[in-house]
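Trainee: got a sequence here, can you model it:
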Amino acid sequence: MTFMQVTQTVADYTARTSFAVYASYTVMFTRRRMRMQRRMMITRRRATRCPATQASMNGRVPSKSVVAAI
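Mentor: Next up, the predicted model:
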């Protein structure tokens, strides 16, 4: 193999491996972010369902009706 062929092969290999690493990292990152978002959505939904947590989220003191609902 000539020097040019060697450099070409090395460049090809590095490009391929770096792309694979980048792709796997991106997939991992996006998956983690999706999972975090889903968890946030679930907690938010649960908070809106329960009146006490809804009141606390809005910063209000739960009224007598809310306490009665619980």
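
Trainee: check the gap between Ala23 and Thr30 for me.
Mentor: Distance check for Ala23 against Thr30: by Cβ to Cβ, to the nearest Å, it reads 11 Å. (Each C-beta comes from the backbone N, C-alpha and C, glycine too.)

Trainee: then Thr2?
Mentor: Relative to Thr30, Thr2 is positioned 42 Å away (criterion: Cβ to Cβ).

Trainee: same check, this time on Tyr13
Mentor: Separation of Tyr13 from Thr30 (Cβ to Cβ) stands at 26 Å.

Trainee: Arg38 now?
Mentor: Taken as Cβ to Cβ, the spacing of Arg38 relative to Thr30 amounts to 12 Å.

Trainee: tell me the average confidence for stretch 19-33?
Mentor: Predicted confidence along stretch 19-33 averages 80 (mean pLDDT).

Trainee: wait, I meant stretch 36-46
Mentor: What stretch 36-46 shows for mean pLDDT is 69.

Trainee: packing partners for the longest helix anywhere in the chain?
Mentor: Of all the elements of type helix in the chain, the one with the most residues (DSSP state H) is helix 3-49. Other helices and strands packing on helix 3-49, by 3 or more Cβ pairs under 8 Å, 6 or more residues apart in numbering; DSSP states H and E, are helix 51-58.
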